[in-house]
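Colleague: give me a 3D structure for the following:
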Amino acid sequence: MRGLFVTGTDTGVGKTFVTTALARALRAAGVDVGVMKPIETGVPAEGPEDARALRIAAGVDDPLELVCPVRFALPASPEAAAKAEHRTVPLAAIRDAHQTLARRHAFLLVEGAGGLLVPIDAETDMADLARDFALPLLVVARPALGTVNHTRLTLEAARARGLPVLGVVISHASPAAAASEGDRRNLEGLVERLGDELLGEVGYAPAGADATGSGEAEAVIDRLVDWIRRALGGRSSGQT
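Modeller: Sure thing, here's the model as predicted:
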């Protein structure tokens, strides 16, 4: 395996938060890591914010057109955002950009848009993109109310489609996540149900701060980095 497809149980769960933390850690460990955000919606005039954050975290100079080949202004699913602009999603351009980045780097982190079954067009969703790229999933879940159902449905959908899942990371992407007693008890139940599928929890960090700086978060990222280095079999540095 030479990459991971980072998906979420919902939008706003912390996919970019986790992916940037992992990219920084891989870079610090000497792994030649590339990053990709195939489709970004809700893009302001200044450009794709998630893709820029990924590129900075990985320390790469790949053109933004490769890192994020498809962008839409409307903050909605790719299918809905494309329709709003009377466009279609150019899947061939996404696949070409992925192949180019995969050749450039030893390992590639690909961050999806929204959840696993978010539609790209009438016939394609994010799960299809993960299958096309032949990458295992890293599922990012939120800790708040609703996470048990969303996480279990995501894992069930992945299994039904034959998509390998490396594991689940619970992302405390905001300081208010899992704040109530109900949230905490639901999270405890999810942790018990996931068992070995749970890689751990990544704690909240303010914008621009390193999410890998302490405790459980650091342990989660370290485990992922170790897995990636073993998967690469020593081919961790230098362009391929």
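
Colleague: distance-wise, check residue 13 relative to residue 45.
Modeller: Residue 13 sits 26 Å away from residue 45, taking Cβ to Cβ, to the nearest Å as the criterion. The C-beta positions use only the backbone N, C-alpha and C, and glycine is treated the same way.

Colleague: ok, these two, which is more surrounded?
Modeller: residue 13 (28 against 5; other Cβ atoms under 10 Å).

Colleague: per-residue confidence at the more buried one?
Modeller: pLDDT recorded at residue 13 is 91.

Colleague: that one reaches residue 141, doesn't it?
Modeller: Yes: between residue 13 and residue 141 there is a contact under Cβ atoms under 8 Å: 6.3 Å.

Colleague: any idea how far residue 158 lies from residue 189?
Modeller: 20 Å.

Colleague: neighbour count: the two, which is higher?
Modeller: Using other Cβ under 10 Å, the more surrounded residue of residue 158 and residue 189 is residue 158, with 20 against 12.

Colleague: what average pLDDT does the host helix or strand of that one get?
Modeller: Element membership of residue 158, judged by DSSP states H and E, is helix 147-160. Helix 147-160 carries an average pLDDT of 95.

Colleague: swap in stretch 57-68?
Modeller: Stretch 57-68 comes out at a mean pLDDT of 97.

Colleague: low-scoring pLDDT stretches of the protein, where are they?
Modeller: Within the chain, the segments meeting pLDDT under 70 span 1, 173-180, 182, 204-216, 234-240.

Colleague: that older thread, joint contacts of residue 13 and residue 141?
Modeller: Listed as contacting both residue 13 and residue 141 by Cβ atoms under 8 Å, 6 or more residues apart in numbering are residue 171.

Colleague: residue 127: how many residues sit nearby?
Modeller: Neighbour number of residue 127 under other Cβ under 10 Å is 24.

Colleague: list the buried residues for the helix holding residue 158?
Modeller: Applying a neighbour-count criterion of 16 or more other Cβ atoms under 10 Å, one finds 147-148, 150-151, 154-155, 157-158 buried in helix 147-160.

Colleague: which residues touch that helix?
Modeller: With Cβ under 8 Å, 6+ apart, helix 147-160 has contacts from 7-10, 115-117, 127, 137, 139, 141-142, 164-165, 168, 170, 186-187, 189-190, 193-194, 197.

Colleague: drop anything exposed from the residues you listed.
Modeller: 7-10, 115-117, 127, 137, 139, 141-142, 165, 168, 170, 186-187, 190, 194.

Colleague: which one in this protein is furthest away from the centre?
Modeller: residue 181 (28.1 Å; Cα atoms, centre = their mean).

Colleague: roughly how far apart are it and residue 194?
Modeller: 21 Å.

Colleague: same thing with residue 223?
Modeller: 15 Å.

Colleague: what does residue 137 give?
Modeller: The gap separating residue 137 from residue 194 is 14 Å, by Cβ to Cβ.

Colleague: mind listing what the closest residue to residue 55 other than its chain neighbours touches?
Modeller: Of all residues not flanking residue 55 in the chain, residue 67 sits nearest, at 5.4 Å (Cβ to Cβ, 6 or more residues apart in numbering). Each residue near residue 67 by Cβ under 8 Å, 6+ apart is listed here: 35-37, 51, 54-55, 60, 97, 101.
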